[in-house]
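> fold the following, please.
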Amino acid sequence: MTLLSVNINKIATIRNSRGGHIPNVLEAALNCEKFGAQGITVHPRPDERHIRYSDVYEIRPQITAEFNIEGNPNPRFVNLVLEVKPDQVTLVPDTHDAITSNQGWDTRKHNSLLTDFVKEFQQHKIRTSIFVDANQAMVEYAAKTGTNRIELYTELYATNYSKNREAAAAPFIKAAELAHSLGMAVNAGHDLNLENLRYLAENIPFIAEVSIGHALISDALYLGLEKTIQLYLEQLKIN
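Numbering: from 1, shown residues only. As a prediction, the model looks like this:
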């Protein structure tokens with residue numbers, strides 16, 4: 001079954017809007033784990049407007065779920081990852097002022113750079129994943145870096161799902177199958193929700209992990225965190 005990693009950045013955003021420790025980010029991570037999530041994802045940005053670097057240090061020793069740190073590999077981020085040693089690092093090419101991640105890597109243009117980072121993290125026994133668009137060439141060049149996984153950037157799938165879900169999913173299925181054939185595992189994330197998640201999981205049954213934050217935390221405002229996580233897990237149970 002595809003694993004669910006909950007991105008808790010939105011919880012940190014709410015906390016940061018008022019200062020203090022409410023809601024408590026560590027408690028949220030522990031609750032996500034307790035309620036069945038198999039992973040916790042954080043994405044610290046340089047301005048720390050979401051997850052703070054201090055949060056990452058606090059969370060790491062307290063959870064037993066898989067820990068995934070996302071981010072652009074600037075020197076501070078690289079040092080954080082090497083010190084914390086998460087289970088997985090996901091390399092994302094977001095700019096410092098991006099509201100949210102909005103594109104995958106150009107793995108051809110940045111192949112040498114990504115290869116160096118992949119090698120460095122793997123030397124420290126940290127699994128690597130590269131955030132890419134559903135583009136055959138970008139998948140092929142990602143494989144050349146030696147990365148363990150790619151994460152498919154699924155915003156276009158989510159945007160077009162209600163118009164024509166078969167057409168929306170088609171390039172992602174092709175990209176995932178290519179990655180699989182090249183020896184990389186496949187993750188997916190961005191704008192996945194209770195409406196569109198099952199269809200993607202049914203059509204790419206070998207997705208290793210989905211990382212979901214915004215929609216899941218938003219649903220939890222209405223349904224509660226425990227029930228929401230259970231509903232997302234149900235979408236991933238494909239017969």
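
> now the closest residue to residue 119 other than its chain neighbours, what's its secondary structure?
Using Cβ to Cβ, 6 or more residues apart in numbering and skipping the chain neighbours, the partner closest in space to residue 119 is residue 146 (6.7 Å). Heads up, the C-betas are built off the backbone N, CA and C, glycines and all. What DSSP: H, G, I helix; E, B strand; the rest coil gives for residue 146 is coil.

> list the residues that contact residue 146.
Residues in contact with residue 146 (Cβ atoms under 8 Å, 6 or more residues apart in numbering) are 115, 118, 119, 122.

> so of those residues, which ones are in helices?
Counted as lying in helices by DSSP state H, out of the contacts of residue 146, are 115, 118, 119, 122.

> tell me how far the first one lies from residue 44.
Same thing as residue 115. Distance from residue 115 to residue 44, counting by Cβ to Cβ, to the nearest Å: 23 Å.

> go on, the last one?
Spatial separation of residue 122 from residue 44 under the definition Cβ to Cβ is 21 Å.

> higher neighbour count, the two?
residue 44 (23 against 15; other Cβ atoms under 10 Å).

> secondary structure class for the residue lying closest to the more buried one once chain neighbours are set aside?
In space, and not counting its chain neighbours, residue 44 is closest to residue 51: 4.7 Å by Cβ to Cβ, 6+ apart. Using three-state DSSP, the structure places residue 51 in coil.

> need the contact list for the residue nearest to residue 50 when sequence neighbours are not counted.
Excluding its sequence neighbours, the residue lying closest to residue 50 (Cβ to Cβ, 6+ apart) is residue 9, at 4.0 Å. Taking Cβ under 8 Å, 6+ apart as the criterion, residue 9 is in contact with 41, 42, 43, 50, 51, 213.

> ok, now which ones touch the residue nearest to residue 44?
Per Cβ under 8 Å, 6+ apart, neighbours of residue 51: 8, 9, 12, 25, 42, 43, 44, 45.

> enumerate every residue touching the residue nearest in space to the middle of the chain.
Compute the mean C-alpha point of the chain, and by Cα atoms, centre = their mean the closest residue is residue 211, 3.9 Å away. Counting by Cβ under 8 Å, 6+ apart, residue 211 touches 5, 6, 7, 39, 41, 68, 70, 90, 151, 187, 188, 189.

> got the buried residues for stretch 43-57?
Buried residues in stretch 43-57, counted by 16 or more other Cβ atoms under 10 Å: 43, 44, 45, 50, 51, 52, 53, 55, 56.

> what is the end-to-end distance of that stretch?
13 Å (Cα to Cα, to the nearest Å).

> what about that stretch, average pLDDT?
Averaged over stretch 43-57, pLDDT sits at 95.

> off-centre distance for it?
Centroid separation for stretch 43-57 versus its chain: 15 Å, with Cα atoms, centre = their mean, to the nearest Å.

> and stretch 223-233, by the same measure?
Centre to centre, stretch against its chain (Cα atoms, centre = their mean), the figure for stretch 223-233 is 18 Å.

> just confirm the residue nearest to the centre of the chain is within a helix.
No: looking at residue 211 with three-state DSSP, it is strand, so not inside a helix.

> that one and residue 188: what is the separation?
As judged by Cβ to Cβ, residue 211 and residue 188 stand 8 Å apart.

> list the residues that contact both of these two?
Common contacts of residue 211 and residue 188 (Cβ under 8 Å, 6+ apart): residue 151.

> so which elements touch the longest helix along the chain?
For the chain, the longest helix by residue count, based on DSSP H, is helix 165-181. Under the contact definition 3 or more Cβ pairs under 8 Å, 6 or more residues apart in numbering; DSSP states H and E, helix 165-181 sits against helix 136-144, strand 149-153, helix 155-160, strand 185-189, helix 197-203.
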